[in-house]
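S.K.: The sequence and its predicted three-dimensional model are supplied below.
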Amino acid sequence: MSDRPNGRAPASDGRGGGTIAPSARQYRWLDRASKLLGVALIATGLHIGGGTPAGIGVAAAGVAAGLLTVLIDNQ
C-alpha cells in the first residue's frame, strides 16, 4: 500500500518549483508534436497571407508552438 493518499507519484519531480518533468519518451513525443503543430501553423499563416496581420499572427503562433519544448525540463 502506498503512503500517498491517492496511490500516485507526486506531480513534482522533487526538485521544487512545482515543475513537471516528463519521461524521455513523453518528451520526445511532445517535442515531435509541438514541431509538427508549429510547421502546420506556419504553413497556415502563409496560406492566409504572409503579409497580412492574420497570417503573421498565425505564423508567429506556429513559431511559439515549435519552440514550446525549449521551456520544458527534460532532465
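M.R.: Structure received. Here the structure is a predicted model, which is why all the values come from computation and not from measurement. Numbers count the residues shown, from 1 in each chain.
S.K.: and stretch 54-73, how far from the chain's centre?
M.R.: 9 Å (C-alpha atoms, centre = their mean, to the nearest Å).
S.K.: Provide the contact partners of that stretch at residue level.
M.R.: Residues external to stretch 54-73 that are found in contact with it (C-beta atoms under 8 Å, 6 or more residues apart in numbering): 13, 19, 21-22, 27, 30-31, 34-35, 37-50. Yep, even glycine has a C-beta here, placed from its N, CA and C like the rest.
S.K.: just the buried members of those?
M.R.: With neighbours counted using 16 or more other C-beta atoms under 10 Å, these contain these buried positions: Ala21, Pro22, Tyr27, Asp31, Ser34, Leu37, Gly38, Leu41, Ile42, Gly45, Ile48.
S.K.: With pLDDT, distance to Ala54 and secondary structure added, can I get those in JSON lines?
M.R.: Converted to JSON lines, the buried ones among the contacts of stretch 54-73 look like this (pLDDT from 0 to 100; distance: C-beta to C-beta, whole Å; DSSP: H, G, I helix; E, B strand; the rest coil):
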{"residue": "Ala21", "pLDDT": "79", "distance to Ala54": "36", "secondary structure": "coil"}
{"residue": "Pro22", "pLDDT": "85", "distance to Ala54": "33", "secondary structure": "coil"}
{"residue": "Tyr27", "pLDDT": "90", "distance to Ala54": "32", "secondary structure": "helix"}
{"residue": "Asp31", "pLDDT": "92", "distance to Ala54": "28", "secondary structure": "helix"}
{"residue": "Ser34", "pLDDT": "94", "distance to Ala54": "22", "secondary structure": "helix"}
{"residue": "Leu37", "pLDDT": "96", "distance to Ala54": "18", "secondary structure": "helix"}
{"residue": "Gly38", "pLDDT": "96", "distance to Ala54": "17", "secondary structure": "helix"}
{"residue": "Leu41", "pLDDT": "96", "distance to Ala54": "12", "secondary structure": "helix"}
{"residue": "Ile42", "pLDDT": "96", "distance to Ala54": "13", "secondary structure": "helix"}
{"residue": "Gly45", "pLDDT": "96", "distance to Ala54": "8", "secondary structure": "helix"}
{"residue": "Ile48", "pLDDT": "95", "distance to Ala54": "5", "secondary structure": "helix"}
